[in-house]
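Novice: sequence and predicted structure are below.
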Amino acid sequence: MELCYMVSMSTLHEILQSEARPNTAYRLLASEDTVTVVHYGPEGLINQFAFPIIYRVEDVPEDEGTLMLMVATERSREWQSFWVPLETKLSHCCSLNTVA
């Protein structure tokens with residue numbers, strides 16, 4: 001069983017910005033069914049990862065109301081370097097927002 005997270009685009013954007021370095025950047029691209037995370041480095045594209053959109057909240061701005069399901073299923077070296085720091089921050093956010 002894989003651990004997964006339901007995350008809004010705005011939350012993911014904040015987490016990715018905290019992971020960006022002076023020579024790298026992240027961009028989120030939303031389509032009808034997915035949100036793609038694009039990771040750029042000094043020489044261009046490094047990686048991109050797509051996550052399915054599972055819910056859209058009506059009458060809420062797209063970045064807040066678009067929720068995606070994030071699951072670590074790939075095991076490449078690039079994926080691990082992206083996923084491990086992200087999962088650490090997602091786990092921390094979840095522990096802060098736990099409903100009793």
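Specialist: On my side now, so go ahead.

Novice: grab the nearest non-local neighbour of residue 12.
Specialist: For residue 12, ignoring the flanking residues on the chain, the nearest one in space by Cβ to Cβ, 6 or more residues apart in numbering is residue 28 at 6.6 Å. The C-beta positions use only the backbone N, C-alpha and C, and glycine is treated the same way.

Novice: hey, what's the one you found bridged with?
Specialist: Beta-bridge partners recorded for residue 28 (DSSP bridges): residue 37.

Novice: number of residues surrounding it?
Specialist: 17 (other Cβ atoms under 10 Å).

Novice: could you list every residue that touches it?
Specialist: Counting by Cβ atoms under 8 Å, 6 or more residues apart in numbering, residue 28 makes contact with 9, 12, 13, 16, 35, 36, 37, 38.

Novice: 10 Å instead, please
Specialist: By Cβ atoms under 10 Å, 6 or more residues apart in numbering, residue 28 lies in contact with 9-10, 12-13, 16, 35-38, 51, 63, 66, 68.

Novice: how about the secondary structure of residue 18?
Specialist: Assigned with DSSP: H, G, I helix; E, B strand; the rest coil, residue 18 falls in the helix class.

Novice: quick check: the closest residue to residue 24 other than its chain neighbours vs residue 54, distance?
Specialist: Of all residues not flanking residue 24 in the chain, residue 41 sits nearest, at 5.2 Å (Cβ to Cβ, 6+ apart). According to Cβ to Cβ, to the nearest Å, residue 41 and residue 54 sit 30 Å apart.

Novice: again, but for residue 10
Specialist: For residue 10 relative to residue 54 (Cβ to Cβ), the value is 16 Å.

Novice: give me the more crowded residue out of those two.
Specialist: Just comparing residue 10 and residue 54: by other Cβ under 10 Å the higher neighbour count belongs to residue 10, 15 against 11.
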